[in-house]
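Student: Show me the folded form of this:
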Amino acid sequence: MEQLFPDAAAACTRLPVIWRTLLPADSASCRLSSAMVSWIISRLVVLVFGTLYPAYSSYKAVKSKDVKEYVKWMMYWIIFALFTAVEVFTDMFLCWIPFYYELKIAFVVWLLSPYTKGSSVLYRKFVHPTLSSKEKDIDEYICQAKDKSYDTLVHFGRKGLNVAATAAVIAATKSQGVLSDRLRSFSMQDLSSYESDTVNTGPGTTTQPAAAQHRTRTMMRSKSESCNKASS
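Tutor: This is a model prediction of the structure:
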């Protein structure tokens, strides 16, 4: 087998984990084991006949408003919900039992069969008496769970608001600290030099370049000399 399929062992490593666990430990090829085939068939049966078909039948019962069909499919869905919850644990711990998946297929068929009426039998003999005797306790547990969940939600909501308010206060404090640090960066010398510049260049004062002042003085001297010559 290994000579015919040299890459089979490497290909097996690429299979999903659950398929690899279902393959025999000494398998050198990717041939479908009987356990894998049983698992695939059981999943298809549960999906098609255990979920989709009852869902469509429940739709027909709601549409026709037949009370008898209501009761029938409500009993089935209660049993199927318990079956799904138990299936999670049995698939992990009991899947090594021979014909385990075949038993699951037979159980689903037994629940749906109009001749055996398995869901009705299980509900009337076991589920209904058990729930009736424990109904008050279950209701109390549900009420306590609702109250605790509400209190927990309020508690965490308050904590979240407190955290958000604290973060906002810290951010505001940090921003004020940065602003004050920037204001302090202006030294007294910078402020005094700024004040002196504003006084010297204030309104009503004009500054002239040195060359313009020298030219003005020369013109005034020439005018005064000409006036003195004319008077003499």
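Student: any idea how the chain splits into domains?
Tutor: The record's domain split for the chain, according to the TED database, is 29-116, 160-188.
Student: Make a markdown table from these and add mean pLDDT and distance to Leu131 to it.
Tutor: Backbone N, C-alpha and C define where each C-beta goes, glycine included. Supplementary listing: the domains of the chain in a markdown table, determined by pLDDT from 0 to 100; distance: least, Cβ to Cβ, whole Å:
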| stretch | mean pLDDT | distance to Leu131 |
| --- | --- | --- |
| domain 29-116 | 88 | 9 |
| domain 160-188 | 68 | 38 |
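Student: quick one, which of those domains is packed in tightest?
Tutor: Highest mean neighbour count of those: domain 29-116, a mean of 14 (counted as mean count of other Cβ atoms under 10 Å).
Student: Of all the domains of the chain, which one is nearest Ile138?
Tutor: domain 29-116 (13.5 Å; Cβ to Cβ).
Student: still on that earlier bit, include distance to Thr130 when you put the domains of the chain into TSV, please.
Tutor: Listed next are the domains of the chain as TSV, based on distance: least, Cβ to Cβ, whole Å:
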stretch	distance to Thr130
domain 29-116	10
domain 160-188	41
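Student: Which stretch among those approaches Asp151 most closely?
Tutor: Using Cβ to Cβ, the domains of the chain put domain 160-188 closest to Asp151, at 14.9 Å.
Student: elements contacting the biggest helix by length in the chain?
Tutor: Longest helix in the chain, counting residues (DSSP state H): helix 128-184. The helices and strands touching helix 128-184, judged by 3 or more Cβ pairs under 8 Å, 6 or more residues apart in numbering; DSSP states H and E, number zero.
Student: quick one on the thing from earlier: can you tell which of the domains of the chain is closest to Arg124?
Tutor: Smallest distance to Arg124 across the domains of the chain (Cβ to Cβ): 7.8 Å, for domain 29-116.
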